[in-house]
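Peer 1: Dropping the sequence and predicted coords here.
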Amino acid sequence: DVKVTQSSRYLVKRTGEKVFLECVQDMDHENMFWYRQDPGLGLRLIYFSYDVKMKEKGDIPEGYSVSREKKERFSLILESASTNQTSMYLCASSLLLNTQYFGPGTRLTVL
Amino acid sequence: GQQLNQSPQSMFIQEGEDVSMNCTSSSIFNTWLWYKQEPGEGPVLLIALYKAGELTSNGRLTAQFGITRKDSFLNISASIPSDVGIYFCAGQTGNQFYFGTGTSLTVIP
C-alpha cells in the first residue's frame, strides 16, 4: 500500500511566522503535490514537483515556496504566515501521473 | 484550475439503499478517480479508471469511465453507516488533476 505521511496533523502559528509542512512518501514516486482545501473552494493546487529539485507553480503559489531535496520528501514553506493561509493542507504523490495518493492532511491555523 | 461538476451536492439516505453520484466536465480526461474523505482526514482513493467505457468495482462500490471521456459515475450499493463522508471525483490530463466539488453522504440507520 502507498503511504503518504505528513509531519503534523494540527498546527497553530502566529502571523508572520515561517512555517514548514513536510510530506514523505514511501513508494518511490516521481511526482508530489501540495494542495490546500477550503470549504466551498475545493482542492486547489499550490505547487507540484515531478523530480528532485524540480518544481512547478500550481494555481495559487503566492505566499508559498517548496523544497524537494530528496525524492521521498516534499516540503511546503510559508515564508510569513498570514491569517488567510489558515486551511487544510494536503500532500499527494503519484508515480505515473495517472493516480494520486493523499496524506492525512495538516490543519493549519494562523492567529 | 477548473472544477468538475459533481452532483448531487448532498444525499441523505436510509441504510440499505443504493447511492449514485456523477461528475461531468467540459474537458476530456485520461483518468477518472473517485475518493472518499472523512472529517479531518485526507482523501482515500476508492477506484481508479483508465479507459473510456471501463467499469470497475471495489466491494459495494462500482464506478464507470464515461464513453465520451467527459464524465464518470460512482454507485454504492446497500449503504451502511460507515459509508458516511464526502465523495469526490478527480479527472487527470497531462500533469494536472482537477477535482469535483464533492457529494456529502449521510446514511441514516
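Peer 2: The structure has been received and is ready for your questions.
Peer 1: Would you mark the buried spots in stretch B:14-29?
Peer 2: B:19, B:21-25, B:29 (16 or more other C-beta atoms under 10 Å in any protein chain shown). Just so you know, the C-beta spots here come from the backbone N, C-alpha and C atoms, and that holds for glycine as well.
Peer 1: So residue A:52 sits against residue A:70, correct?
Peer 2: Yes. With contact defined as C-beta atoms under 8 Å, residue A:52 and residue A:70 form a contacting pair (6.6 Å).
Peer 1: OK, contacts around residue 66?
Peer 2: Since you didn't name a chain, this refers to chain A. A:34, A:46-47, A:49, A:55, A:74-77 (C-beta atoms under 8 Å, 6 or more residues apart in numbering or on different chains).
Peer 1: Oops, wrong one, chain B.
Peer 2: Contacts of residue B:66 (C-beta under 8 Å, 6+ apart): B:32, B:52-53, B:72-73.
Peer 1: Rebuild those as TSV, extending it with distance to chain A.
Peer 2: Listed next are the contacts of residue B:66 as TSV, based on distance: C-beta to the nearest C-beta, whole Å:
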residue	distance to chain A
B:32	10
B:52	14
B:53	17
B:72	14
B:73	19
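Peer 1: can I get those residues in JSON lines with distance to residue A:83?
Peer 2: Listed next are those as JSON lines, based on distance: C-beta to C-beta, whole Å:
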{"residue": "B:32", "distance to residue A:83": "36"}
{"residue": "B:52", "distance to residue A:83": "45"}
{"residue": "B:53", "distance to residue A:83": "47"}
{"residue": "B:72", "distance to residue A:83": "37"}
{"residue": "B:73", "distance to residue A:83": "39"}
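Peer 1: In the residues you listed, find the pair that's most separated.
Peer 2: The distance between the two most remote of these (C-beta to C-beta) is 13.5 Å, for B:52 and B:73.
Peer 1: for residue A:35, which residues make a bridge with it?
Peer 2: Assessed by DSSP bridges, residue A:35 has beta-bridge partners residue A:45, residue A:90.
Peer 1: What count of nearby residues applies to it?
Peer 2: Here the number of neighbours of residue A:35 (other C-beta atoms under 10 Å in any protein chain shown) works out to 28.
Peer 1: as a whole number, average confidence for the top strand by length along chain B?
Peer 2: Criterion DSSP state E: the longest strand present in chain B is strand B:85-93. The average pLDDT for strand B:85-93 rounds to 94.
Peer 1: again, but for stretch A:104-111
Peer 2: On average, stretch A:104-111 scores 97.
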